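Q: Structure of the sequence below:
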Amino acid sequence: MRSGMTRSKIAVSIPPHLLATARRAVRDERAASVSDYVSMALEEKAKLDDLGELLDEMLLASGGPLSRSERARAEHEVSGAECGCE
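A: This is a model prediction of the structure:
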């Protein structure tokens, strides 16, 4: 367990293969406990969610997703082929 962190105890149900993965991480000393492993996994998921939100904000700020013609032009430019797109 990481020192200095307040903990709350909860009960969760997880698929057996994920429990086995967590127990293996503890056995292999990649986590101090199953609770620690789950906490680390939740921290990583929260980071990914935050990154997803940031990417969505950046997409909106840049004018939204590419149109089909913009995507086709970009794909042709990357491939080095001439697009013929207008």
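Q: element containing E70, please.
A: Assigned by DSSP states H and E, E70 belongs to helix 68-79.
Q: what mean pLDDT would you report for that helix?
A: Across helix 68-79, pLDDT averages out at 90.
Q: Okay, buried residues for that helix please.
A: R73 (16 or more other CB atoms under 10 Å). Every C-beta, even on glycine, is put in place using the N, C-alpha and C of the backbone.
Q: Run the chain-centre distance for that helix.
A: 27 Å (CA atoms, centre = their mean, to the nearest Å).
Q: going forward can the numbers begin at 26, since that is how I track them
A: With 26 as the first residue, the last one maps to helix 93-104.
Q: and the spatially most central residue of the chain, which of the three is it?
A: The centre of the chain sits closest to L73, judged by CA atoms, centre = their mean, with a distance of 3.4 Å. Three-state assignment for L73 (DSSP: H, G, I helix; E, B strand; the rest coil): helix.
Q: and what of the one 10 residues further on?
A: Three-state call for M83 (three-state DSSP): helix.
Q: Could you measure from the residue nearest to the centre of the chain over to A56?
A: Remark: distance between L73 and A56 (CB to CB, to the nearest Å) = 19 Å.
Q: same deal with M83?
A: With CB to CB as the criterion, M83 and A56 are 33 Å apart.
Q: try G89
A: Taken as CB to CB, the span from G89 to A56 is 41 Å.
Q: Looking at the two, which is more packed in?
A: Applying other CB atoms under 10 Å to G89 and A56 shows that A56 carries more neighbours, namely 20 against 8.
Q: So that one is in contact with M65, correct?
A: Yes. If you go by CB atoms under 8 Å, A56 and M65 touch, sitting 6.5 Å apart.
Q: and the nearest residue to L84 once chain neighbours are set aside, how many neighbours?
A: Distances taken as CB to CB, 6 or more residues apart in numbering place P90 nearest to L84, at 6.5 Å, with adjacent residues excluded. Using other CB under 10 Å, P90 is surrounded by 9 other residues.
Q: ok, so what distance separates P90 from S104?
A: In terms of CB to CB, P90 sits 20 Å off from S104.
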